[in-house]
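[1] missing the sequence, but the structure's below:
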């Protein structure tokens, strides 16, 4: 009986060879690529056993920070650019269509429906009052009626409703009418730090990075016949626009939140939705 | 103010560019390599947002399985070959020196010291009785006196002492005398499954792999002037020698556990220790 022996160069092929009977073709493809890149990384950095142990403890600690309120692995994905990379892969730039960005961890399914013109910030919400207006259209410029528009944002103190007591706030769902227009009041977006008291925050600090995101207003817009759009409007002039901790800023999404007489801010943006796609485009490069 | 924009090809460089002020040079090197390989993996497999989410949930679940008794991330490292890769990187083959393999998760610091010839299995331990003999020498063939030899293994039912109630068992520390010889009784090693009721076990199953390790006896041998050796002796003829779930088998570590008259098994192995090294060899390729 001859026993196979491996070297650091041949081990990855051996590991993947063991998976050749994987019934799910996609899983087989993903694991093959994962093993190849993982081994290439390890061969390149040549960790000591103590460094491997430290890496394992880091991944374990990230897992231990995750619960139903906090997703530290999403933070790792966001701050390593992986979340935006998956956005680029799945939602490429197409003509005049509005660009997408990260969903973020604070979306809530089932926000209260409100009529156009409503103020989504309850009285007493920290932050400067702000009016946002615009329209939803398709790529041919036709208004999209019946679009379901979810809007949410951090309050003026930098926290989302779900990060503090008091129930849902500065979060609503609107539905466009025949003209495709929308209009609501909220608070002017402010920059704020990602939760950075955990292992991902420590990694940011150890690598000389700040945890800040530039001020932004979240949108998720779904309409029949259109591809669902997940995006932000970023506040022009924010000091973190060029160093968003999650790499989410696209220049086309930066909007002037202008101060008007009376102290209220106002912003305007016209969304353009892509047509719904029948087949996954992401496989194409 | 001009806002930078990225593409899926330029994003990795942007992420690493943000880390250029990392004070710790080694961390900077590791993170640079990590980001490059992570992005290359994601660009290659082109995950959907749902697949990214599934990956994040998988990593989170592995973290949640980790506690002071179970280290599921070590299992992931072991079963993806990373642990053995780090072994190859740090402990290359050198002349006639005994080869190393994984430490495994069941080493316990502070096992009971026993005199040569002792039976490390308490009466009633499942398994076939076995005598193991041999010597510890340096690469010039000189006996190593005062070597501290830790020995441990699974019992005949496939479980280590720490996986079940009843305290330490089949685990001991010996110290060599002037002749460098060792001799003890234990139980014949049997093949057994890694803990496979968690997410790593599910991944093994989904990729058509079994969780079995071939039967083996663990050794950790430390002596003044020598590099500490962590290794196994594997039982010749075991059906899993060529498919060890952690890729730990090296042909030179396979030993005949021969059945003798009276039913006891016997194995013999002479260990050869490398000299202690003054500088880390692992950086060399």
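    Nice, I can see it. Quick caveat: nothing in here was measured; it's all calculated off a predicted structure. Residues are numbered from 1 along each chain as shown, chains lettered A, B, ... in the order given.
[2] Give me the residues contacting stretch A:61-76.
    Stretch A:61-76 is contacted by residues A:82-83, A:105, A:162, A:194-195, A:198-200, A:203, B:56, B:59-64, B:66, B:73 when judged by C-beta atoms under 8 Å, 6 or more residues apart in numbering or on different chains. Bear in mind the C-beta positions are built from the backbone N, C-alpha and C, glycine included.
[3] residue contacts, residue A:254?
    By C-beta under 8 Å, 6+ apart, the contact list for residue A:254 reads A:233, A:234, A:235, A:236, A:241, B:3.
[4] so it bridges to which residues?
    residue A:234 (DSSP bridges).
[5] Which pLDDT value goes with it?
    pLDDT recorded at residue A:254 is 98.
[6] One more: residue A:104?
    On the pLDDT scale, residue A:104 is placed at 89.
[7] Could you double-check that residue A:258 lies in contact with residue A:267?
    Yes: using C-beta atoms under 8 Å, residue A:258 is in contact with residue A:267, at 7.1 Å.
[8] Compare neighbour counts for those two and give me the winner.
    residue A:267 (20 against 12; other C-beta atoms under 10 Å in any protein chain shown).
[9] Count the neighbours of the nearest residue to the more buried one once chain neighbours are set aside for me.
    Excluding the flanking residues, the one nearest residue A:267 by C-beta to C-beta, 6 or more residues apart in numbering or on different chains is residue A:257, at 4.6 Å. Neighbours of residue A:257 under the rule other C-beta under 10 Å: 22.
[10] cool, residue A:164 as well?
    The burial count for residue A:164: 11, using other C-beta under 10 Å.
[11] How about residue A:143?
    By other C-beta under 10 Å, the residues close to residue A:143 number 15.
[12] With residue A:274 instead?
    Residues near residue A:274, counting by other C-beta under 10 Å: 20.
[13] give the contact list for it.
    Taking C-beta under 8 Å, 6+ apart, we find residue A:274 in contact with A:94, A:97, A:139, A:226, A:227, A:229.
[14] Of the residues you listed, just say which sits nearest to residue A:22.
    residue A:227 (31.3 Å; C-beta to C-beta).
[15] The closest one contacts residue A:273, correct?
    Yes: if you go by C-beta under 8 Å, residue A:227 and residue A:273 touch, sitting 6.5 Å apart.
[16] So those two - more neighbours on which side?
    Neighbours per residue (other C-beta under 10 Å) separate residue A:227 from residue A:273, with residue A:273 holding more: 22 against 19.
[17] Contact partners for the more buried one?
    A:97-98, A:136-139, A:144, A:147, A:221, A:223, A:226-227, A:229.
[18] Mind listing the residues bridging to the closest residue to it other than its chain neighbours?
    Excluding the flanking residues, the one nearest residue A:273 by C-beta to C-beta, 6+ apart is residue A:226, at 3.9 Å. With DSSP bridges as the criterion, residue A:226 is bridged to residue A:275.
[19] so of the contacts of stretch A:61-76, which ones are in helices?
    A:82-83, A:199-200, A:203, B:56, B:59-64, B:73 (DSSP state H).
[20] And the strands in the stretch 151-285 of chain A, which stretches?
    In the stretch 151-285 of chain A, the strands defined using DSSP state E, counting those that start in this stretch lie at A:171-175, A:181-187, A:192-193, A:212-213, A:216-222, A:229-235, A:254-255, A:258-259, A:265-273.
[21] other SSEs contacting the first one?
    For strand A:171-175, the packing partners by 3 or more C-beta pairs under 8 Å, 6 or more residues apart in numbering or on different chains; DSSP states H and E come out as strand A:148-152, strand A:181-187.
[22] Generate a markdown table for those strands, with mean pLDDT, mean neighbour count and distance to chain B as supplementary columns.
    Formatted as a markdown table, the helices and strands packed on strand A:171-175 follow (pLDDT from 0 to 100; neighbours: other C-beta atoms under 10 Å in any protein chain shown; distance: least, C-beta to the nearest C-beta, whole Å):
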| stretch | mean pLDDT | mean neighbour count | distance to chain B |
| --- | --- | --- | --- |
| strand A:148-152 | 98 | 20 | 16 |
| strand A:181-187 | 98 | 20 | 23 |
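[23] out of those strands, which comes closest to residue A:46?
    So among the helices and strands packed on strand A:171-175, strand A:148-152 is nearest, using C-beta to C-beta, at 45.0 Å.
[24] so what does that closest one touch, helix or strand wise?
    Applying 3+ C-beta pairs under 8 Å, 6+ apart, we find strand A:148-152 packed against strand A:171-175, strand A:181-187, strand A:216-222.
[25] Go again with 6 Å.
    Here strand A:148-152 touches strand A:171-175, strand A:216-222, going by 3 or more C-beta pairs under 6 Å, 6 or more residues apart in numbering or on different chains; DSSP states H and E.
[26] Would you indicate which residues of the last one are buried?
    Right, the one you point to is strand A:216-222. A:216, A:217, A:218, A:219, A:220, A:221 (16 or more other C-beta atoms under 10 Å in any protein chain shown).
[27] Just say helix, strand or coil for the nearest residue to residue A:187 once chain neighbours are set aside.
    Using C-beta to C-beta, 6+ apart and skipping residues adjacent in sequence, the residue nearest residue A:187 is residue A:127, 2.9 Å away. Counting by DSSP: H, G, I helix; E, B strand; the rest coil, the backbone at residue A:127 sits in coil.
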